[in-house]
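> Pasting the sequence and the predicted model now:
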Amino acid sequence: MHPTCCFRTGGGADATTGSTPGTSTRLVRAAPASEPETARCSSSTLSKKTTRSSVPRWEGFDEDARTDRSTPPPADDAKDKPRAPDLGVTKANFQSLYLGNCSAVVATLRDQLPELNLTRADCREMSWVQYVAYIYFGDASNSTPLETLLLNRTMTLGRFYKNKSDYVTEALTKDAWEKIFTWPSGAAEGQLVLEPQGGRMGSIAADDTPFPHRAGVLYNIQYLESWVGGNNTTTPSWINTIYDFMEPLVSKNPRAAYANYRDLDLGVNQVVGGVSTYESGKVWGERYFGGNFQRLAMIKRNVDAGDYFRNEQSVPPLLS
């Protein structure tokens, strides 16, 4: 069981593949929706000193614990949280989803990450359905009927935002972490969300599904920057500068990215004669899908050779 780690700095859609139905879904047996078999733990009250020691320790979290009936959730975003007044890392938030009871997960985390000082009060047992609602609606899901939340079409972020992603295959050095912790953010608010891989995910072959980031991957990083401004506001540069800094520290040839953290900086399709070209799509596609991109493009050719369903980063048909 390996918690997700998110840390924030404070200062002054999904990448669809069009109509590519080339995968199948394997269902797993789940407990009844009302059965409280899921434990959600969260710890975020860490000093800067503790953050500097706990995040690198998180990186080396016991591999056996990652396979212990767990699924890491995405860490929460910055909405409705007060902004920190200084530069550099101001908060680290560890979240964990454990398929079991609180007693077991608290014992595991107290052993593996004692710096968190996790207690039973930091953990809540809930059904899987309740947890899924919590991912999107946070604490509001505890007091508001789910139907009311689902019918609310108001955008909750309320800010401009941009994100990018990376995959880490080797633990970062202490020096690298120190530079990350003190990275200035200027007028924007930045987050790094570290989501653990390995465990069951690492035992699946890279070409078994379109998602190729399997064995050898420690975790992925989501860089998220948000800011408030109008039409004439210049996009803050925090996310681009730290992304450039991370280049030698993450996966290479290609530098991998997560498809659901859509990043148009990686490249966009060029349309010729009404059809997206394979060569232009390969620039960004192999970073999302690795060697599976070509197979996806062949499927696209069979089901939508005319590329009727397309966008800037939809899988193009491989026509020849």
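That came in fine, so what should we check first?

> quick one: low-confidence ranges for the protein?
Applying pLDDT under 70 to the chain flags the ranges 1-38, 43-49, 61-90, 155-158, 185-188, 229-236.

> try 90
1-106, 108-162, 174, 177-193, 196-202, 224-238, 320 (pLDDT under 90).

> Now do the end-to-end distance for stretch 174-193.
18 Å (C-alpha to C-alpha, to the nearest Å).

> Please state the offset of that stretch from the chain centre?
Mean-position distance between stretch 174-193 and its chain equals 17 Å (C-alpha atoms, centre = their mean, to the nearest Å).

> try stretch 189-206
The answer for stretch 189-206 is 8 Å, by C-alpha atoms, centre = their mean.

> Relative to its centre, which residue of the protein is most distant?
No residue in the chain sits farther from the centre than G273, which is 35.8 Å out by C-alpha atoms, centre = their mean.

> Number of residues surrounding the residue nearest to Q270 when sequence neighbours are not counted?
Closest residue in space to Q270, ignoring its immediate chain neighbours: S280 at 3.9 Å, by C-beta to C-beta, 6 or more residues apart in numbering. (C-beta placed from N, C-alpha, C; glycine too.) Neighbours of S280 under the rule other C-beta atoms under 10 Å: 16.

> how close does S280 sit to V271?
Using C-beta to C-beta, to the nearest Å, S280 is found at 9 Å from V271.

> Quick one: the strands in the stretch 101-250 of the chain, in order.
Secondary structure of the stretch 101-250 of the chain (DSSP state E, counting those that start in this stretch): strands at 123-126, 160-168, 189-196, 219-227.

> Does the nearest residue to V275 once chain neighbours are set aside belong to a helix, a strand or coil?
Counting by C-beta to C-beta, 6+ apart, the nearest residue to V275 once its immediate chain neighbours are dropped is D307, at 4.3 Å. Classification of D307 by DSSP: H, G, I helix; E, B strand; the rest coil places it in coil.

> check contacts around D307.
By C-beta atoms under 8 Å, 6 or more residues apart in numbering, D307 lies in contact with G18, V271, G274, V275, S276, K300, S314, P316, P317.

> where's the fifth one relative to R120, distance?
From S276 over to R120 the distance is 53 Å, taken as C-beta to C-beta.

> If you tally nearby residues, what's the number for M201?
17.

> so it makes contact with L218?
No - counting by C-beta atoms under 8 Å, M201 stays clear of L218, with 11.3 Å between them.

> if I look at G273, how far off is N117?
62 Å.

> repeat for L151
Distance from L151 to N117, counting by C-beta to C-beta: 39 Å.

> who's more crowded, these two?
Higher neighbour count among L151 and N117: N117, with 13 against 8, using other C-beta under 10 Å.

> picking up where we left off before, sort out which residues of the one helix or strand the residue nearest to Q270 maps to are buried, please.
Taking DSSP states H and E as the criterion, the element that holds S280 is helix 278-289. Buried residues in helix 278-289, counting neighbours by 16 or more other C-beta atoms under 10 Å, are found at Y278, S280, G281, K282, W284, G285, E286, R287, Y288, F289.

> The helix or strand following it: how far from the chain's middle?
Sequence order places helix 292-304 as the next helix or strand after helix 278-289, per DSSP H and E. Distance of helix 292-304 from its chain centroid, counting by C-alpha atoms, centre = their mean, is 26 Å.

> W227 touches R159, doesn't it?
Yes - under the criterion of C-beta under 8 Å, W227 makes contact with R159 at 6.4 Å.

> Extract the CA atoms of stretch 289-307 and return them as CSV.
Below are the C-alpha coordinates for stretch 289-307, written out as CSV (Å, rounded to 0.1, in the frame of the first residue of the first chain):
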residue,chain,number,x,y,z
PHE,A,289,1.5,5.1,-25.5
GLY,A,290,5.1,3.9,-26.2
GLY,A,291,5.2,1.1,-28.7
ASN,A,292,1.5,0.7,-28.5
PHE,A,293,0.8,3.9,-30.5
GLN,A,294,1.4,2.2,-33.8
ARG,A,295,-1.1,-0.6,-33.0
LEU,A,296,-3.7,2.0,-31.9
ALA,A,297,-3.2,3.8,-35.2
MET,A,298,-3.7,0.6,-37.1
ILE,A,299,-7.0,0.1,-35.3
LYS,A,300,-8.0,3.6,-36.0
ARG,A,301,-7.4,2.9,-39.7
ASN,A,302,-9.8,0.0,-39.6
VAL,A,303,-12.6,1.8,-37.8
ASP,A,304,-12.2,5.4,-38.9
ALA,A,305,-9.9,5.7,-41.9
GLY,A,306,-11.4,9.1,-42.8
ASP,A,307,-10.5,10.5,-39.4
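
> Wait, A205 touches R214, no?
Yes - A205 lies in contact with R214 (C-beta under 8 Å); the separation is 6.8 Å.

> of the two, who's got more company?
R214 (18 against 9).

> residues touching that one, list them.
By C-beta under 8 Å, 6+ apart, the neighbours of R214 are Q197, M201, G202, S203, I204, A205, A206.
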